[in-house]
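Trainee: Based on what follows, work out the 3D shape:
(3 chains, ligands or ions: 3)
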Amino acid sequence: MDCFFVSVAIRNRPDLKGKPVAVTSNRGAGKVLHRPGANPQLERQYYQWKQSHTKSADEDLYRTPSQESPESNTSGAGQETAAPSMAEIASCSYEARQAGVRNGMFFGKAKQLCPSLQAVPYDFEAYKEVALTMYETLAGYTHDIEALSCDELLIDSSALLAELCISPEELAKAIRADIKEKTGCCASVGMGSNILLARLATRKAKPDGQHFLRSEDVDDFIRDLPVTSLPGVGPVMSRKLVAMGVRSCGDLQQVSLSQLQKKFGPRTGQTLFRFCRGLDDRPVRYEKERKSVSADMNYNIRFTTVNEAECFLTNLSMEVQKRLQEAGLRGRRVTLKVMVRKVGAPQEPAKYGGHGICDNLARTVMLAQSTDHGEVIASAVIKLFHAMNLQVQDLRGVGIQVQLLDGNAHQDSMGPRKRSIKEMLLDQGSGAKSGNQAIADITQQEKTSTTASSSSFPPLHLTLPEPVPGTSRSHQTCRQTPKHSRTRLNCSIEVPSPSQVDRSVLEALPAELKEQVLQSWTKTRPVSPPPTSAPALYTPPVGTLVLQIPNHPDSPGIVLELPNFSQVDPDVFAALPKELQEELRSAYNRGSNAQLPAKILLEQKNPLLQLKESGVGIGRMKRRYKRKNANSPAKKGPSPVKRNQATKSPAKIPPPSIKTQEPLSMMKAEICPSTSTAKSDISEPSSKILPRPPPTLAGARDLTDIKTLLREWVTTITEPMEEDILQVVKYCTDLIEDKDLEKLDLIIKYMKRLMKQSVESVWSMAFDFVLDNVQVVLQQTYGSTLKIS
DNA sequence: ATCCTCCCCTAC
DNA sequence: TAAGGTAGGGGAGGAT
Ligand SMILES: [Mg+2]
Ligand SMILES: [Mg+2]
Ligand SMILES: [Mg+2]
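Mentor: Ligands and ions are numbered 1, 2, ... in the order given. Reported below is the predicted structural model:
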């Protein structure tokens, strides 16, 4: 479904139809008050730099469609008061796309591209209603449905087509008309003989269309598709493929299976090999067992004390408890995932409350038995949290996951009752795969007026299909068993009584829930159950759609597991890599994720040591890198920045003194109580008032020292680490703040000489990165930039 | 070999 | 201000 949110939003806004529209939290102008010191370019350029320098040799290269558009406005500089809004666009209309607007784009930038862009707010209740109506409508045709998201689903239509004796096109047409009538939104339908082809066809069908990709046309169709069209091929794999000279599916067909498997692993290699030929034997899975339940919050995470963090973890655990219980699940494995401000990244990212540039870490623990209790989860994650030894004030995101869910867990014995039934069915279904079935992938798009009342069920004459998909056999067999056997199957999962059939089925807006979780930790009220706001209506199991079968009002009904809503239109992420979202997840964090050696644990418990190290902000991290590198085939030499810091003795606890004595300079804010010491005097907010010592880079302050450091850095290392580059940027911008432009100028020039003449082009790019950021800050601060000869 | 853990990547 | 969520697949590398 593209622009689902927009389609829903303009259902009742005929004035907006045909206009560029975006769903976003920013209302209107696309400008916000400028926050001094915010440097929106840093994160963007960091990402771009990363992207280009990981792109291996090939340069010119393929860029994924829709990924590029000229932007880079360094503007916004002149205006003291207004900065472009960094609210993300969750969904935008096709008219907006025409102007270059993309899902995931910042609203401020979108406004520049498309000044007439209209912002409309989220409306989760309406999404629920439309999604529900759409599923209800389709369930009137068949139950051979796999729900992919609130706006997208698969239908195994083989049985239905056989039964109705109509063509796929006719079916698609009928379905689309029906959905449009009932929801006021348009749906697109793609059809093919397997899931892959149906999906590819859907892409072609959009917007507001349908396409049947016939088997005999597949070869010609697929040959010229970019590899990114294939499911499972995103930006990273695309780059890897491009590096091998593979850009299109046709190119990919030329690569041998063994080569693909060698490069991407046995499973992924095989999938690539098959997909690029249009082959796919995955069955449509009517019931998928959920494998994990989780809750994450990666914005507005700012803690100053361990207690706050623990409190938040507790509340988040309660949220997970709630989701587990709503789903009727329990799990035995708990994972804590955190985002931690990357060393060298700004304390506050340009985006308000955003997580900025981070490292991701995750730790997992096995429970004695499965649980759905928030307290148990909380105690587990708090232990994990302490084992991670983080600086609480650098925490930027937290997530808790529960896995190995009851009923899913056992591979062999027990648990499988539900499973084996399903697999039996699926086996039969997939056995029929070879047949002529069509799988439809429904997509909703546009919206007109009428809102379908979700109450009245269509007295459809369409007969329900056989419970078992596909098999061309048995016309009669199925005829008798239809809904009944399927219903029984579903009953084994969860059948709320038919009375609640109507709404409140899909999950509530996560944002609201999170808001409360956030509120509650603020109040440092440790145990109180999370204020389940709006406990208003009774809610049947989350994500479950209960449907009454048309001509059988007294049947128990069927249950479709619907995917949860996330906060954004599912399409957002398709266009997202360009924006900051993906930057976070992308790869660069090798090495920083290693488990902390026991020794570090000791250090952390020593407040004195901790203080010193955190004063510079990189000591602790550096040691981690170092140690990791020592164990694994090191690719890069140690960074002089590191070495200067504290890494002298690789294995021993470093003498607490060494380099760290004076320069507690630039990262005042980091000089905070240690993480693990439960109590420690707090001295932070006052830091702004203190006179600021001159900026330093890894402890070096004098020009000569800086130069020496830089020279050592560039000459002894083949590939700079991101965090070191960020350190340099930080240092340079500190110089600007310190008004020491003369020094800045000298250093920039020195760096240019060093880095631009390096044989490694990475260094040249690193310089560009640094310079770009320096210029942006200069522009913002002084309205002009540095001239570099 | 097979598992387990810690990721990364991708879809929506 | 902004509200950057949720889930699954699978690879790398170590443990068994
Ligand atoms: Mg979609
Ligand atoms: Mg937004
Ligand atoms: Mg793809």
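Trainee: Give me the contact status of the longest strand that chain A contains with DNA strand C.
Mentor: Using DSSP state E, we find that the single longest strand of chain A is strand A:358-371. No - Strand A:358-371 lies out of reach of DNA strand C by Cβ under 7 Å from any atom of the strand, never closer than 8.1 Å. Every C-beta, even on glycine, is put in place using the N, C-alpha and C of the backbone.
Trainee: Tell me the spacing between residue A:708 and residue A:754.
Mentor: 11 Å (Cβ to Cβ, to the nearest Å).
Trainee: coming back round to it: do the longest strand of chain A and DNA strand B meet?
Mentor: Yes - judged by Cβ under 7 Å from any atom of the strand, strand A:358-371 comes into contact with DNA strand B through A:360-364, A:366.
Trainee: Ok, stretch A:326-345 next?
Mentor: Yes - interface with DNA strand B: stretch A:326-345 contributes A:333, A:335 (Cβ under 7 Å from any atom of the strand).
Trainee: tell me the SS of residue A:718?
Mentor: Recorded secondary structure, residue A:718: coil (DSSP: H, G, I helix; E, B strand; the rest coil).
Trainee: Quick check on the closest residue to it other than its chain neighbours: phi, psi?
Mentor: Counting by Cβ to Cβ, 6 or more residues apart in numbering, residue A:760 is the residue found nearest to residue A:718 once chain neighbours are left out, at 5.6 Å. Phi and psi for residue A:760, reported as degrees, to the nearest 10, are phi -80, psi 120.
Trainee: try the one 4 residues further on
Mentor: With angles defined as degrees, to the nearest 10, residue A:764 shows backbone torsions of phi -60, psi -40.
Trainee: Let me see the contact set for it.
Mentor: Taking Cβ atoms under 8 Å, 6 or more residues apart in numbering, we find residue A:764 in contact with A:755-756, A:758.
Trainee: Quick one: these as TSV, columns for secondary structure, distance to DNA strand B and pLDDT too.
Mentor: Compiled in TSV, the contacts of residue A:764 are given as follows (DSSP: H, G, I helix; E, B strand; the rest coil; distance: Cβ to the nearest atom of the strand, whole Å; pLDDT from 0 to 100):
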residue	secondary structure	distance to DNA strand B	pLDDT
A:755	helix	25	88
A:756	helix	28	86
A:758	coil	25	82
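Trainee: For the stretch 51-200 of chain A, which residues are neighbours of DNA strand C?
Mentor: A:85-88, A:90, A:107-108.
Trainee: Which two of the residues you listed have the greatest separation?
Mentor: A:90 and A:108 (15.0 Å; Cβ to Cβ).
Trainee: Can you pick out the residue with more neighbours from the two?
Mentor: residue A:90 (24 against 21; other Cβ atoms under 10 Å).
Trainee: now check the helix or strand that contains that one, is it near ligand 1?
Mentor: Taking DSSP states H and E as the criterion, the element that holds residue A:90 is strand A:89-92. No - Strand A:89-92 lies out of reach of ligand 1 by Cβ under 5 Å from the ion, never closer than 9.8 Å.
Trainee: Give the pairing partners of that strand; include direction for each.
Mentor: Each strand paired with strand A:89-92, and its direction, by DSSP bridges: strand A:21-24 (antiparallel).
Trainee: Give me the mean pLDDT for the helix or strand following the strand it pairs with.
Mentor: Downstream of strand A:21-24, the next assigned helix or strand under DSSP H and E is strand A:31-33. For strand A:31-33, mean pLDDT is 79.
Trainee: Strand A:31-33 close to DNA strand C?
Mentor: Yes - in terms of Cβ under 7 Å from any atom of the strand, part of strand A:31-33 sits within range of DNA strand C, namely A:32-33.
Trainee: so what does that strand touch, helix or strand wise?
Mentor: Counting contacts by 3 or more Cβ pairs under 8 Å, 6 or more residues apart in numbering; DSSP states H and E, strand A:31-33 is packed against strand A:82-84, helix A:107-113.
Trainee: what sits up against that strand?
Mentor: A:26, A:81-86, A:108, A:111.
Trainee: again, only using 10 Å
Mentor: Residues outside strand A:31-33 that contact it (Cβ atoms under 10 Å, 6 or more residues apart in numbering): A:26, A:76, A:79-87, A:107-108, A:111, A:352.
Trainee: any idea which helix or strand comes after the strand holding residue A:90?
Mentor: Once the chain leaves strand A:89-92, the next helix or strand it forms, by DSSP H and E, is helix A:94-98.
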